[in-house]
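1. With the input below, show me the fold.
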Amino acid sequence: MSKRPGGGLGSLLSKKAKEDKRTAKSAASRPTQPRNPYLTKPAIPEQALYSFLGQVKNVALASKPKGSSVPISVPFCEIEARFGILKAPFGVNDRRVCSSGAKQINGKTVPAFLCSDIEPKCQFESGITRTHNVHWTQAGLSEVSRISTALGVGKDDAQVRRDIAEVDFLETVYGGYDNGCRVCFPGVHPNPKKPVIGRMEDKERLLHLDLAVPAASYDIRLQLATEKTVDGNIQNEPPPGWSTKRIKRRRSYSRKDKSIAWQIDVTEVTTTYADPGRQADITYELEMELSSSATLKL
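-> Model prediction:
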């Protein structure tokens, strides 16, 4: 039997005490870990939207087409809300700017955080999962769904068909040009049955607001953008220089009585590439766009 007080247990406790002192000393010498910078500007989504819309008029007027008179009668820009993930530009993999789940400040739950002006700038990856696309949008006008509820129609299936309009849209978009433009053709292009005329567009983002929504599946980007037609007579084939070809199958939903100024767009995008070594992929987009009549009233 050992003659030392406490035997092996006393030795372990002594080593543990020394280790605790070293750990505490080491922790004190390390700089304090910074807070997540993307959680420093709490926001209420509705108020953030009102604030954003309040900035739109001045920014848009500064970019109005040459020769345009005020008041503007023909819309030249669009306001949309896109759903996706805000990602921090650091870490092993680009990850969401904050962990999922509700966040609290001073004991109060904060629904969202402003991220547009936070450094380093976060990146926005637009799109939703295939599962959410199916569960949220597959019902269309056949029954009450997330889409109909978002448009204020959730009573019964008959009300959905009576009060909501559904419009299908199909186009092919060639992108990746060095000048930042894109070329759009109606329908699936090329069309073997008849030649179609496309247009080259230049889409420029004028203003945006990024909202991280930790308790939700997706974050939100609000943006104001212009779409200018550079060439409205693209014959048969797109000009050389494109790198992506996107076939966009979209369904748009809106209130027939126009009591809600927003339109919901659900889009399936099939992307192929000029590089034959890259495989095609399918993604899903969910967006809301403010009607042109409401935009003109801002």
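
2. dump the residue contacts of residue 75.
-> Contacts here follow Cβ atoms under 8 Å, 6 or more residues apart in numbering; on that basis residue 75 touches 292, 295-296. Backbone N, C-alpha and C define where each C-beta goes, glycine included.

3. Go through the residues you listed and flag which are in helices.
-> Among these, the residues falling in helices (DSSP state H) are 292, 295-296.

4. which one among these gets closest to residue 213?
-> Among the ones in helices among the contacts of residue 75, residue 295 lies closest to residue 213 (Cβ to Cβ), at 24.1 Å.

5. outside of stretch 207-219, which residues touch it?
-> The contact list for stretch 207-219, computed with Cβ under 8 Å, 6+ apart, reads 38-39, 43, 45, 48, 51-52, 55-56, 59, 83-86, 96-103, 109, 111-116, 122, 124, 128, 132, 220-224, 286.

6. and those, which are buried?
-> Among the contacts of stretch 207-219, those classed as buried by 16 or more other Cβ atoms under 10 Å are 38-39, 43, 48, 52, 56, 83-86, 96-98, 103, 111-116, 122, 124, 128, 132, 220-224, 286.

7. Tell me the confidence at residue 63?
-> If you check residue 63, the pLDDT there is 85.

8. Neighbours of it, how many?
-> Neighbour count for residue 63, taken as other Cβ atoms under 10 Å: 15.

9. In a strand, it, correct?
-> No: under DSSP: H, G, I helix; E, B strand; the rest coil, residue 63 sits outside any strand and is assigned coil.

10. what separates it from residue 180, distance-wise?
-> Distance from residue 63 to residue 180, counting by Cβ to Cβ, to the nearest Å: 16 Å.

11. got it, and residue 69?
-> Using Cβ to Cβ, residue 69 is found at 28 Å from residue 180.

12. Those two: which has the busier surroundings?
-> Counted by other Cβ under 10 Å, residue 69 and residue 180 do not tie: residue 180 has more neighbours, with 10 against 7.

13. in the protein, which spans are strands?
-> All strands of the chain, identified by DSSP state E, fall at 42-43, 77-87, 103-105, 108-110, 112-114, 123-126, 164-175, 182-186, 197-212, 219-235, 244-255, 262-273, 281-290.

14. need those in a markdown table with distance to residue 139 and mean pLDDT, can you?
-> A markdown table is the format used below for these (distance: least, Cβ to Cβ, whole Å; pLDDT from 0 to 100):
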| stretch | distance to residue 139 | mean pLDDT |
| --- | --- | --- |
| strand 42-43 | 32 | 96 |
| strand 77-87 | 18 | 96 |
| strand 103-105 | 32 | 90 |
| strand 108-110 | 31 | 93 |
| strand 112-114 | 28 | 97 |
| strand 123-126 | 23 | 94 |
| strand 164-175 | 11 | 96 |
| strand 182-186 | 27 | 97 |
| strand 197-212 | 27 | 95 |
| strand 219-235 | 23 | 94 |
| strand 244-255 | 11 | 97 |
| strand 262-273 | 11 | 97 |
| strand 281-290 | 14 | 97 |
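
15. hey, which of these is tucked in deepest?
-> Comparing the strands of the chain by mean neighbour count (mean count of other Cβ atoms under 10 Å), strand 112-114 ranks first with a mean of 22.

16. who does it pair up with?
-> strand 42-43 (antiparallel), strand 197-212 (antiparallel) (DSSP bridges).

17. So which of those strands is nearest residue 164?
-> Nearest to residue 164, of all those, is strand 197-212, at 26.0 Å by Cβ to Cβ.

18. And that closest one, how far out from the chain middle?
-> How far strand 197-212 lies from its chain's middle: 13 Å, per Cα atoms, centre = their mean, to the nearest Å.

19. repeat for stretch 126-138
-> Put simply, stretch 126-138 sits 13 Å off its chain's centre (Cα atoms, centre = their mean).

20. Now do the contacts for the closest residue to residue 36 other than its chain neighbours.
-> Nearest residue to residue 36 in three dimensions, chain neighbours excluded: residue 98, at 5.8 Å (Cβ to Cβ, 6 or more residues apart in numbering). Shown in contact with residue 98 (Cβ under 8 Å, 6+ apart): 36, 38-39, 113, 212, 214.

21. I'd guessed residue 255 sits against residue 160; true?
-> No: the pair residue 255 and residue 160 does not pass the contact test of Cβ atoms under 8 Å, sitting 11.1 Å apart.

22. If anything else comes up later, I'll come back, but that's it for now.
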